[in-house]
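Quick one: sequence plus predicted model below, questions after.
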Amino acid sequence: MRYFIRILVFFTCIGYLTLPAQPSGGPYGPVNQNYDLPNVAGRIYYVSPDGKNGADGNSPDAPTTLENAISLVNTGDAVILRGGIYRTGNLILNQGITIQPYAGEKPVLKGSYIASDWKKQDNGLWIISWPHLFPSKPQDWWRRQREGAITPPYRFNNDMVFADGRFLQAVGWEGELDENSYYIDYETGNVYIAIDPTTHLIEITAFNVGLLRTTKEVHGKKPDNIGPVVKGLTFTQYAYRAVEIEGTDPEGISPESRHGKEVVGSTFENCTISFCSRVAGYFRGDKFTMRHCRISDTSTEGVYLLSSADALLEKNIFTRNNIELITGYYPAAVKIFNQTHRVTCRDNLVIDLPNSNGIWYDVGNVDGVFINNWIENVGDNKYEFDPEHPYPSDNGFFFEISKGAICAGNVFVNCDHGIWVLNSSDVQIYNNTFINSTACISRNTRSAANDHFGWHPSTGPGVEERDGHSFVNNLLYGDENFTRLLLYVWQSPELCDRVPDPQFNKLDHNVYVRRTDQPEHPIMMWSPVKNELCRNTFNTPVDLHKMFPQFSKNGRYFPDYTGPLFKSRELGHFQLLPGFPGSDAASAVPEEIAERLGQSEPFIGAYPPAR
């Protein structure tokens, strides 16, 4: 959160909140609102935590229960929540309704119950019998032979325990317990803790889902294909996921017309979702929007967007995913999965994800748009790069087995990989700023034949079609402590004869800066190259140009550079100063990208230079 405050304060002070593009500086995440009653065609139901199930809910002074209102609503109705804590879940609906707070009040939906009937044992531990347990196992594709010595099996259970709102980590038996952990014996149904529950509020998950928008008939009503509009709510402490929008999950190549149509137009604004043992929410359906939300403290994923078209994620905060430290599940704060089309991630704040990817377009995505996002502290950039392959890694923007994307106007700070484009085609990478964050573009032999995930690779470009990328007007900077590659272009050696052509259509007008001169640490690696290893490293863009004259003719490199550069690196403002000699290296960009960036004249990096 400190990064958000720093960015917001600085940009507010210098007046850059009006910039048409680039990371805006905020506000990000939920914005406090005093909600007017929605203008809906149907009926308004008022609910409160202490509402009466038999009440009609016609006024804020005579509210009904949330559960009752959800069972009664029809398309065009609204549910207005009074403030307070709702310990509830399994709220199932299939109608296009509005759900929001009453005026400026703060409703919180919790998927836990207070645990109070504890007994102290002779060994000092506390025990309670808990009837609401959610045991689970890893997915069948999880590789126990590789991950079993790192991730214990009990991490895959879906229960969570909290002490005074603080997340406790699961352990494998009573002997491991301390004030920060809990243990569940699933054979007996008992929960054990070491912390004294008489002096702390202990909560244990009791619901597997908060709000479920089903595609099936429920409450005597057929589904209407209209997504809910949810504003200003907090969902927290759910055992599996807080929200799910059902829909079709293709299990093979699927035309756009065959999925994303069951629920259209779901909208979430100014919502907070936290502490879910797997994901904050599974979201399906075309024209999905998430704006000004905060998604945090999740495990395998935060937002999971599946098989949908024309979705927008804007001005959200995504942070602290994989809090249970599960390995082998390929976590991401946002995963955009399985044949989505035209999904836009614009001006989001993606921070503090040391054990997770940031935003990952995974499998069969088409024409993604990733612009003006601020990505900071994703993964670990301290270890040496591996020239044999760029994985395992955590990536700020990850575009895999997919076709066509714009990645422009983003800032990547202290990430393992700022971007990783893998086994994809036609990604346009323009005007990004990389601070101690490697840009990685790669391909290998992976195909649908004998693949661990079966049909997945068939949804993206074929092995010979993983090319067509552009990498232009980017600023790549490494400080005195950053010894890794700035640009990592890799392909597996097995492909060298099969796919000898470069992955790029265009790579030029990029500026590389190092605070120190480190010839033993090259700035880039390139493949394919016709040599035994199928690769070469380069210390300057001129060296790349000599070997590949079609690339990097206008690239610039500033080693051991301590002159004018950023307006304020200390405050995280990476606008280039006029005195930086690389400011004039930019070239004109395609019209579509210029429009998205609000760019009237070409510039280097994510920001127009200071005047």
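Everything's here; your move.

contacts, neighbours, all on C-alpha from now
Noted.

Tell me how far residue 492 lies from residue 501.
13 Å (Cα to Cα, to the nearest Å).

my bad, residue 42
As for residue 42, its distance to residue 501 is 60 Å (criterion: Cα to Cα).

residues near residue 297, how many?
Residue 297 has 26 neighbours, counted by other Cα atoms under 10 Å.

For it, give me its contacts.
When contacts are counted by Cα atoms under 8 Å, 6 or more residues apart in numbering, residue 297 is found next to 274, 275, 276, 319, 320, 321, 322, 323.

Go again with 7 Å.
Neighbour list for residue 297: 274, 275, 320, 321, 323 [criterion: Cα atoms under 7 Å, 6 or more residues apart in numbering].

Strands - which of these land there?
The members of these that map onto strands under DSSP state E are 274, 275.

Could you report the neighbour count for residue 179?
Counted with other Cα under 10 Å, the neighbours of residue 179 add up to 12.

should've said residue 549
With other Cα under 10 Å as criterion, residue 549 counts 11.

What separation do you get for it and residue 542?
In terms of Cα to Cα, residue 549 sits 9 Å off from residue 542.

And the pLDDT at the spatially closest residue to residue 501 that is not a sequence neighbour?
In this structure, residue 501 finds its nearest non-sequential neighbour in residue 528, 7.2 Å apart by Cα to Cα, 6 or more residues apart in numbering. Residue 528 is assigned a pLDDT of 97 by the prediction.

show me what contacts residue 528?
Counting by Cα under 7 Å, 6+ apart, residue 528 makes contact with 491, 496, 500, 502, 534, 535.

Inside strands: which ones of those?
Short answer: these in strands (DSSP E) are residue 491.

looking at it, residue 490 is touching residue 524, isn't it?
No. Taking Cα atoms under 7 Å as the definition, residue 490 is not a contact partner of residue 524, at 10.2 Å.

Report back the residue of the chain that's furthest from centre.
Using Cα atoms, centre = their mean, the residue of the chain lying farthest from its centre is residue 122. It sits 45.3 Å away.

For it, which three-state class applies?
Recorded secondary structure, residue 122: coil (DSSP: H, G, I helix; E, B strand; the rest coil).

So it versus residue 185, what's the distance?
The gap separating residue 122 from residue 185 is 18 Å, by Cα to Cα.

cool, residue 107 as well?
From residue 107 across to residue 185, the span is 33 Å (Cα to Cα).

Among these two, which residue is more densely surrounded?
residue 107 (22 against 13).

wouldn't that one be in contact with residue 80 here?
No. Taking contacts as Cα under 7 Å, residue 107 lies outside contact range of residue 80: 9.7 Å.

anything in contact with each of the two?
Contacts common to residue 107 and residue 80, judged by Cα under 7 Å, 6+ apart, are residue 101.

Let me know how buried residue 602 is, in neighbour terms.
Neighbours of residue 602 under the rule other Cα under 10 Å: 18.

cool, and residue 189?
Neighbourhood size, residue 189 [other Cα under 10 Å]: 13.

Let me see the contact set for it.
Residue 189 sits next to 129, 130, 131 when contact means Cα under 7 Å, 6+ apart.

Buried subset of these, written for PyMOL?
Selection of the buried residues among the contacts of residue 189 in PyMOL, burial being defined by 16 or more other Cα atoms under 10 Å:
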select buried, resi 129+130
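
State the distance from residue 344 to residue 463.
The gap separating residue 344 from residue 463 is 26 Å, by Cα to Cα.

swap in residue 320?
Per Cα to Cα, residue 320 is found 35 Å from residue 463.

more neighbours, the two?
More neighbours surround residue 320 than the other of residue 320 and residue 463, with 25 against 20 (other Cα under 10 Å).

Might one say that that one is in contact with residue 296?
Yes. With contact defined as Cα under 7 Å, residue 320 and residue 296 form a contacting pair (5.3 Å).

Pull up the overlap in contacts between the two.
If you check residue 320 and residue 296 against Cα under 7 Å, 6+ apart, no residue is contacted by both.

and the nearest residue to residue 485 once chain neighbours are set aside, what does it touch?
Leaving aside its sequence neighbours, residue 485 sits nearest to residue 523 (Cα to Cα, 6+ apart; 4.9 Å). Shown in contact with residue 523 (Cα under 7 Å, 6+ apart): 485, 486, 487, 538, 539, 540.

per-residue confidence at residue 523?
pLDDT, the model's per-residue confidence, is 96 for residue 523.

Tell me the spacing between it and residue 503.
With Cα to Cα as the criterion, residue 523 and residue 503 are 18 Å apart.

And for residue 103?
Per Cα to Cα, residue 103 is found 54 Å from residue 503.

out of the two, which sits in the busier spot?
For residue 103 versus residue 503, neighbours defined as other Cα under 10 Å are more numerous around residue 503 (28 against 15).

which residues touch the closest residue to the more buried one other than its chain neighbours?
Distances taken as Cα to Cα, 6+ apart place residue 467 nearest to residue 503, at 4.2 Å, with adjacent residues excluded. Going by Cα under 7 Å, 6+ apart, residue 467 touches 424, 425, 426, 503, 504.

helix, strand or coil for the third one?
Put simply, residue 426 is strand when judged by three-state DSSP.

you'd agree it is up against residue 402?
No. If you go by Cα under 7 Å, residue 426 and residue 402 don't touch, sitting 9.0 Å apart.

Quick check on the two: which one has the bigger neighbour count.
residue 402 (30 against 21).

Which residues are in contact with the more buried one?
363, 364, 365, 366, 424, 425, 460, 461 are the contacts of residue 402 under Cα under 7 Å, 6+ apart.

separation between the residue nearest to residue 485 and residue 517?
Distance, residue 523 to residue 517, using Cα to Cα: 10 Å.
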